[in-house]
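**Q** Okay, predicted coordinates and the sequence, questions at the end:
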Amino acid sequence: MSPKGGKESPKPPSARSSSRINRDSPGLTRSTSGNVRPASARRSDKSGTADGRVRVAVRLRPVLDFEKDQVKDSAPVIEVESEVNRVIVKRDHWDSDAYTLDSAYSPTTSQRRLYEEFCMPVVDSVLKGYNGTVMAYGQTGTGKTYTLGNLGTEDSSQRGIVVRSMEHILTTAREDQTGQYKITLSYLQLYMEAVLDLLEPEKDQLTITEDPTSGEVICNGSKVVEVTNMEGLLQILKIGEDNRVVANQKLNATSSRSHSLLIITVKRLPNDKSNSLSLQQSVTALKGKLLIVDLAGSERISKSGSEGHMLEEAKFINLSLTALGKCIYSLTDPNPAHIPYRDSKLTRLLKDSFGGTARTSLIVNISPLRAHISETSSALQFGQRALKIENTTKIREEVDMRLLNQKLQAAVDHLNDQYEKANSKVAAVSAQLTQERAAKADVEAALVSSEAKVAAEKAAAEQQQKQYRQMLIDQEIKLRTEMEISVASERATKQMAEGKVREMETASKAMEVDYYAAKEEAAAAKTVRAKLEADLEEERAKAAKLQAEHMATSHQLAVKESLVSQMQETMAASSEQKERMHVNFLQEARTEVKVLEKELAEAKAGAQLELDRERAKYKTLMEENARLASQLESSRQGALPEVDDGQAKRGAKFWKVGKQE
């Protein structure tokens, strides 16, 4: 196994305590003081987990061949106890740390076993209409990219989770006779806080928006490709891998310098081979989304040797992973004041994976070497913290308007068929009545001579005929009325549905206008803040200039005093008159110096007063800017708050003050 690109992981805000292992009590760790505490998670069934909780597994890579030759202490210090899902970090001969997760995999674990036991449940959930996330986290060189993205072109047994997930999805879609599937994917990378399309790298960086109705995070402008077979998938993945940013460093020859996100969308529609829908058939489509994330690892510059542009890349990687650690810490806090999703684009893209509606599986990749024991412990603590996150999973369904239109059209056609059948029955009854009238005329002509005899029978027959005719007319009116009522009802239902769709579109446009208005207010506040900062820098420059003038004056005084001293030495033997002239000159010079020092003190006091006044204005404007930023944040997370007239006037006032200053 040759891992391709792991990254150094950030340290999540959790304390590490040295512990010794009590091997008689699986799932427990015993501290050096002897108190038994429960492990952060018990062993779970590998085919499933509690609904909504983030599942975490650890995978230990083997010692590589070059490490056996180059690394001084290459003996493994990590022990994996797969039967109890526990990892033991041996710090020395006496001190060890134990970490219990959902699953623990040794270096001999195959790619197939890891996928089937830990990742397949997430893919099955996506096929049922849920959102799912599979993510790899760990230090550089621990095998994250190998675990997720290995294409297996040379050895099919080494295929990663991406290829196996798509093979599973395509096989299910092909064998399912009750539904029709549409499978699409997008391939993105987050490089130095810029979201880029790996399938169309020539595009500018993409923008991230959030659907105000569903809360789904969307990357606008990303290329969406429909996948129908494995050959096309491998070509797409190869293009994405070629466009991803990698670099050669001490820890990894092909270190990924960006976070990659593969977004797979599976939409399942009811099967309709007959091209017609009955009134009982559903028009609801299941829409599941699978997010596969290969995180770049945080770096210690002393180990990676990054410099220049690679150092800037490392800074952005560390900042984004630190923001992710803060979000996970807040999600596991019993009383969180705020979840900082907006601190980084990475946390915005993973909002549904941690604390959202997705079924999430996290794979923590670690190194067996003692040299990386600190990064290994940090990654395992990150995984234990993620174990405590509970997501609220739900099936994503949406009404397919095409199927709904077909269903309504089928209903209308059914009513038209019933109406035509009723008309046919009325025509048959009318023809029968005409025949009966002709037969009656023949009987009357034949029985003219016996009219008196059959008068009573004729009257009875006429009465019966009238009743029968009235019955036919009543039936015809009743059928026509029922058909008209049914057609009118179906038309009203269709108009109501169209009206609701128009109302939803109007509401969506209104919310979008409100969002951009709030965004413009925030930009205006930022402009005012920049103006005040420039004014403050200008005042500081003035103060520096006054200080320079003071230093020049002091220098002049020193020069004059030096001249006086020289004159005193030269004319020490002169007459008393010359001494008086020298004394007078010295007094005048000192008087002039005192006047200059007084002027300088007054100028410094005036500058300090003006600086304090500008600082007070700047503090007031910053407080107003913070309030506007808080309102903007609230508008993004939910409905926009109403701004009263007083707030609008105060905002306009500060804007005018900023422009004048």
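**A** That came through fine.
**Q** can we go C-alpha only for contacts and neighbour counts from here?
**A** OK.
**Q** What ranges does the stretch 101-250 of the chain have for its strands?
**A** Per DSSP state E, counting those that start in this stretch, the stretch 101-250 of the chain carries strands over the ranges 103-105, 131-138, 179-191, 194-197, 207-210, 217-220, 225-226, 246-247.
**Q** Quick check: closest non-adjacent residue to residue 260.
**A** residue 189 (4.3 Å; CA to CA, 6 or more residues apart in numbering).
**Q** looking at it, the one you found is touching residue 257, isn't it?
**A** No - taking contacts as CA atoms under 8 Å, residue 189 lies outside contact range of residue 257: 9.5 Å.
**Q** circling back to that earlier point, return the residues in contact with the residue nearest to residue 260.
**A** Applying CA atoms under 8 Å, 6 or more residues apart in numbering to residue 189 gives the contacts 195-198, 244, 258-261.
**Q** now the residues you listed as CSV including distance to residue 508?
**A** Listed next are the contacts of residue 189 as CSV, based on distance: CA to CA, whole Å:
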residue, distance to residue 508
195, 25
196, 27
197, 27
198, 30
244, 36
258, 34
259, 32
260, 31
261, 28
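**Q** For residue 514, state which of those residues is nearest.
**A** residue 195 (24.9 Å; CA to CA).
**Q** Any idea what the closest one is bridged to?
**A** For residue 195, the beta-bridge partners are residue 190, residue 206 (DSSP bridges).
**Q** pLDDT value on it, please?
**A** Predicted confidence (pLDDT) for residue 195: 94.
**Q** Give me the neighbour count for it.
**A** Counted with other CA atoms under 10 Å, residues neighbouring residue 195 total 24.
**Q** Can you give me every residue that contacts it?
**A** Contacts for residue 195 (CA under 8 Å, 6+ apart) come out as 188-189, 205-207.
**Q** so which of those is the most crowded?
**A** Neighbour counts for those peak at residue 189, which has 27 neighbours (criterion: other CA under 10 Å).
**Q** now that one: how far from residue 353?
**A** To residue 353, residue 189 is 17 Å away according to CA to CA, to the nearest Å.
**Q** How far does stretch 186-196 stretch from one end to the other?
**A** End to end - CA to CA - stretch 186-196 spans 11 Å.
**Q** ok so, going back, could you dump the contacts of residue 195 to CSV with pLDDT and distance to residue 178?
**A** Shown next, in CSV, are the contacts of residue 195 (pLDDT from 0 to 100; distance: CA to CA, whole Å):
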residue, pLDDT, distance to residue 178
188, 95, 33
189, 94, 36
205, 88, 40
206, 93, 37
207, 93, 38
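**Q** just the contacts of residue 189 now: which is nearest residue 137?
**A** Residue 137 lies nearest to residue 259 out of these, by CA to CA, at 10.5 Å.
**Q** which residues does the closest one bridge with?
**A** residue 190.
**Q** Touching, it and residue 298? I think so.
**A** No - using CA under 8 Å, residue 259 makes no contact with residue 298, being 11.2 Å away.
**Q** Residue 376: what's its closest spatial neighbour, skipping adjacent residues?
**A** Nearest non-adjacent residue to residue 376 (CA to CA, 6+ apart): residue 366, at 5.5 Å.
**Q** Point to the helix or strand of this protein where mean pLDDT is at its lowest.
**A** Counting by mean pLDDT, DSSP states H and E, the weakest-scoring helix or strand in the chain turns out to be strand 36-38, with a mean of 31.
**Q** Work out the gap between whatever helix or strand comes next after it and the centre of the chain.
**A** Counting by DSSP states H and E, the element after strand 36-38 in chain order, helix or strand, is strand 55-60. In terms of CA atoms, centre = their mean, to the nearest Å, the centre of strand 55-60 is set 22 Å apart from its chain centre.
**Q** Can you pull out the low-pLDDT segments for the stretch 401-550 of the chain?
**A** 401-404, 454 (pLDDT under 70).
**Q** hey, where'd the helices end up in this protein?
**A** Counting by DSSP state H, the chain has helices at residues 65-70, 111-114, 120-127, 144-149, 161-175, 230-243, 301-304, 309-332, 345-349, 373-386, 401-446, 455-570, 576-637, 645-660.
**Q** Averaged pLDDT, stretch 255-269. What do you get?
**A** Per-region confidence: stretch 255-269 scores 89 on mean pLDDT.
**Q** coming back round to it: now do the same contact list for the residue nearest to residue 376.
**A** Taking CA under 8 Å, 6+ apart as the test, what residue 366 contacts is 58-61, 138-139, 142, 376, 379.
**Q** show me the contacts for residue 108.
**A** residue 62 are the contacts of residue 108 under CA under 8 Å, 6+ apart.
**Q** That one and residue 60, how far apart?
**A** 9 Å.
**Q** ditto for residue 591
**A** 83 Å.
**Q** Which one of these two is surrounded by more residues?
**A** A side-by-side neighbour count of residue 591 and residue 60, using other CA under 10 Å, places residue 60 first with 23 against 12.
**Q** Quick check: the more buried one touching residue 367?
**A** Yes - contact criterion CA under 8 Å: residue 60 and residue 367 qualify, at 6.1 Å.
**Q** what do these two both touch?
**A** residue 142.
**Q** tell me the phi and psi of the residue nearest to residue 444 when sequence neighbours are not counted?
**A** Of all residues not flanking residue 444 in the chain, residue 451 sits nearest, at 8.0 Å (CA to CA, 6+ apart). When read as degrees, to the nearest 10, the backbone of residue 451 gives phi -60, psi -40.
**Q** Can you give me the distance of residue 451 to residue 464?
**A** Separation of residue 451 from residue 464 (CA to CA): 18 Å.
**Q** And residue 233, by the same measure?
**A** Residue 233 is 79 Å from residue 464, by CA to CA.
**Q** more crowded one of those two?
**A** residue 233 (18 against 12).
**Q** Now do the contacts for that one.
**A** Under the criterion of CA under 8 Å, 6+ apart, the neighbours of residue 233 are residue 227.
**Q** give me the number of residues near residue 127?
**A** So residue 127, with other CA under 10 Å, has 25 neighbours.
**Q** how much space between it and residue 120?
**A** Distance from residue 127 to residue 120, by CA to CA: 11 Å.
**Q** Model confidence for the nearest residue to residue 550 once chain neighbours are set aside, exactly?
**A** Counting by CA to CA, 6+ apart, residue 600 is the residue found nearest to residue 550 once chain neighbours are left out, at 6.4 Å. We have a pLDDT of 81 for residue 600.
**Q** What is the burial count for residue 600?
**A** Residues lying near residue 600 (other CA under 10 Å) number 17.
**Q** so it sits right up against residue 551, yeah?
**A** No - judged on CA under 8 Å, residue 600 makes no contact with residue 551 at a distance of 10.1 Å.
**Q** Give me the neighbour count for residue 183.
**A** 20.
**Q** What residues are bridge-paired with it?
**A** residue 266.
**Q** Give me the neighbour count for the nearest residue to residue 557 once chain neighbours are set aside.
**A** Of all residues not flanking residue 557 in the chain, residue 593 sits nearest, at 6.5 Å (CA to CA, 6+ apart). The number of residues packed near residue 593 is 18, by other CA under 10 Å.
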